[in-house]
Each structure stands twice: as structure tokens, then as C-alpha cells.
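1. the following comprises the amino acid sequence and a computationally predicted model.
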Amino acid sequence: MSAYLETAVTAARAAGALLREHYEGDLHVDEMLAHDIKLQLDVRSQELITQIILERHPGHAILGEEGVAGEASSAFQWIVDPIDGTVNYFFGIPHFCVSIALREGEEITHGVIYDPMLDELFTVGPDQPPARNGRPIRVSKRAAWNEAVITVGFSKTNEAIDIGLERYRRIAHRVRKTRMLGSAALGMAYIACGRLDAYFEEAVSLWDIAAGELLIQRAGGTVLRLPKPGSEKFGVISSNGLLPVEEMN
């Protein structure tokens with residue numbers, strides 16, 4: 001395992017232990033939004049990840065859901081989602097994760113997604129094939145909608161929800177099953193290991209999907225980003241690479 005991947009694994013496991021320790025405990029809410037919740041634990045988790053990364057790589061930068069840190073001009077940017085699935089976490093639904101990716105210049109080179117409740121660790125790096133708990137993974141071979149199990153995310157604005165519903169209607173009656181899981185990173189990890197076949201959402205941030213995007217691509221699938229002019233967010237359609245996802249776009 002490369003030094004960078006080892007750093008990401010160490011940080012993800014440490015943050016995961018913090019989340020597990022406070023799961024179903026008294027949680028301080030920083031902000032309660034219409035379609036989202038911000039917890040103080042999000043901040044604490046990112047601070048812990050930042051501390052571990054910058055102690056090992058002091059010249060690097062952190063780009064996270066809870067802010068930026070480190071050397072802003074660095075070509076090495078760690079892209080961090082300290083709790084992907086915060087709403088699940090708040091309501092005691094045991095489906096959430098820590099997501100960490102490393103971008104070198106314009107290329108995402110390393111990715112780690114850690115589910116602390118199942119103790120499942122998804123990893124990928126330049127010399128590390130996509131794996132779950134050390135075992136290689138691969139996308140599914142299901143190539144037709146009537147064989148597919150998909151997951152969808154409905155984003156945090158009314159406009160994004162409406163667009164997502166319209167996209168979903170195009171295939172809703174054709175797929176075998178749909179699941180709404182509440183974590184973009186885990187949804188993509190599940191595609192990479194063949195549990196699911198496709199995932200789409202209308203307005204995500206880079207930290208939501210950076211590690212998952214690399215996992216899927218290296219596991220044989222595809223990820224299509226849909227630009228949102230005037231916004232740092234974008235839509236995403238990801239799949240095992242066999243489904244006719246152009247019918248959704």
C-alpha cells in the first residue's frame with residue numbers, strides 16, 4: 001500500500017471510530033436545513049482527518065465539506081467528506097461513511113470509503129486495484145434495466161428534486177428494484193463491488209463522489225458528470241458501464 005493510501009486509510013478509520021463512538025448519542029446540530037442537517041460532529045470528523053493528513057503531508061491541501069485547510073496552492077488536494085450520509089447518522093440509520101480522495105493536479109489518484117458500522121473499507125490507488133477489505137472488486141455484469149438494482153439521490157433544492165424525479169420516471173418502471181440509501185459515496189462503492197448497478201443525482205459536490213468515482217472507473221464502470229452552469233455542484237450518472245444510461249440523460 002502506498003504512503004498516500006495508507007494515510008487515507010488511517011484517517012478514515014480514525015474518523016469512523018469517532019462516528020461509531022457517538023452513534024445514537026446526544027448530537028449537537030449546527031444547522032437544520034430543509035433537506036439537510038449539519039452536525040458539529042461533521043466538523044470534528046474533518047478536523048481529525050485534517051490533523052492526520054497534514055501531520056504526514058504538511059505541504060498538502062484539504063478540500064472538505066466543512067472547509068479548506070493546509071497549503072491552498074499545493075498540487076496535492078485531499079478531498080474529504082467527513083460524514084457522507086449525515087441525515088442517516090442523525091436519525092440512527094446505520095448507513096453512512098467517511099470518504100477521502102487525493103487529487104494530484106487534475107487527476108484523482110487515490111480513494112478510500114469507510115463504513116464504520118459494517119467495518120467495510122473500500123480502497124483504490126495507482127498501484128492498488130479497487131478492493132473491499134483487501135479483496136479485489138468488480139462491477140456487475142447486468143446489462144439490461146430489468147435486471148438492474150439502482151440507487152437514486154434527490155438533492156437539496158426543489159429544482160434538483162424535480163429534475164431528478166423526471167429523470168427517474170424514464171426508467172422507474174423498467175428496473176428490477178430501486179433503493180434510496182442516503183450516501184452517495186457508499187452507493188458508488190456498491191456499484192464498484194457489484195451490489196448495485198447505477199446511481200444518479202442532480203446536485204452533488206466533489207467530496208460526495210471523488211473517491212467513489214475512482215473506485216467505479218477502476219472497477220470497470222463509468223461515471224458521467226453533468227455540469228451545472230454557475231454552480232460548483234454538478235449532476236452525476238454512474239453505472240457498471242453496461243446499462244444504457246444514455247437513456248437517462
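-> Sure thing, it's come through.
2. what about the helices in the chain?
-> If DSSP state H is used as the criterion, the helices of the chain fall at 3-22, 40-56, 86-90, 158-169, 184-192, 206-218.
3. these: which one's closest to Ile100?
-> Closest approach to Ile100 among the helices of the chain (Cβ to Cβ): helix 3-22, 4.5 Å. Every residue, glycine included, has its C-beta placed from N, CA and C.
4. and the closest residue to Glu202 other than its chain neighbours, how many residues sit next to it?
-> Closest residue to Glu202 apart from its sequence neighbours, by Cβ to Cβ, 6 or more residues apart in numbering: Ala160 at 4.1 Å. Ala160 is flanked by 20 other residues according to other Cβ atoms under 10 Å.
5. and the gap between Ala160 and Ser231?
-> Ala160 is 10 Å from Ser231, where distance means Cβ to Cβ, to the nearest Å.
6. same question for Glu71.
-> For Glu71, the distance to Ser231 - Cβ to Cβ - is 26 Å.
7. these two - which one has more neighbours?
-> Per other Cβ under 10 Å, whichever of Glu71 and Ser231 has more neighbours is Glu71, with 15 against 9.
8. list the contacts of that one.
-> 58-61 (Cβ atoms under 8 Å, 6 or more residues apart in numbering).
9. how does it look with 7 Å?
-> Glu71 is in contact with 59-61, counting by Cβ atoms under 7 Å, 6 or more residues apart in numbering.
10. could you single out the nearest of those residues to Val9?
-> When these are compared for distance to Val9 (Cβ to Cβ), His60 wins out at 16.1 Å.
11. tell me the confidence at that closest one?
-> Predicted confidence (pLDDT) for His60: 97.
12. does it touch Ile79 like I think?
-> No: using Cβ atoms under 7 Å, His60 is not in contact with Ile79; the gap is 11.3 Å.
13. name the residue most distant from the centre of the protein?
-> For the chain, the C-alpha farthest from the mean C-alpha position belongs to His173; by Cα atoms, centre = their mean, that distance is 26.6 Å.
14. got the domain ranges for this protein?
-> Here the domain assignment for the chain is 3-136, 145-248, based on automatic domain parsing.
15. now do the shortest one: distance to the chain's middle.
-> A distance of 11 Å separates the C-alpha centroid of domain 145-248 from that of its chain, computed with Cα atoms, centre = their mean, to the nearest Å.
16. just give me the residue right at the centre of this structure.
-> Centre-nearest of the chain using Cα atoms, centre = their mean is Ala185, 2.1 Å out.
17. model confidence over stretch 67-85, on average?
-> The model assigns stretch 67-85 a mean pLDDT of 94.
18. hmm, I was thinking of stretch 100-109
-> In the prediction, stretch 100-109 has an average pLDDT of 97.
19. could you dump it to CSV, C-alpha only?
-> The C-alpha coordinates for stretch 100-109 follow below in CSV (Å, rounded to 0.1, in the frame of the first residue of the first chain):
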residue,chain,number,x,y,z
ILE,A,100,-11.4,10.6,1.3
ALA,A,101,-9.7,11.1,-2.1
LEU,A,102,-6.4,12.5,-3.2
ARG,A,103,-6.3,14.7,-6.3
GLU,A,104,-2.8,15.3,-7.8
GLY,A,105,-3.1,18.2,-10.2
GLU,A,106,-6.3,17.5,-12.1
GLU,A,107,-6.3,13.7,-11.6
ILE,A,108,-7.9,11.8,-8.7
THR,A,109,-5.3,9.1,-7.9
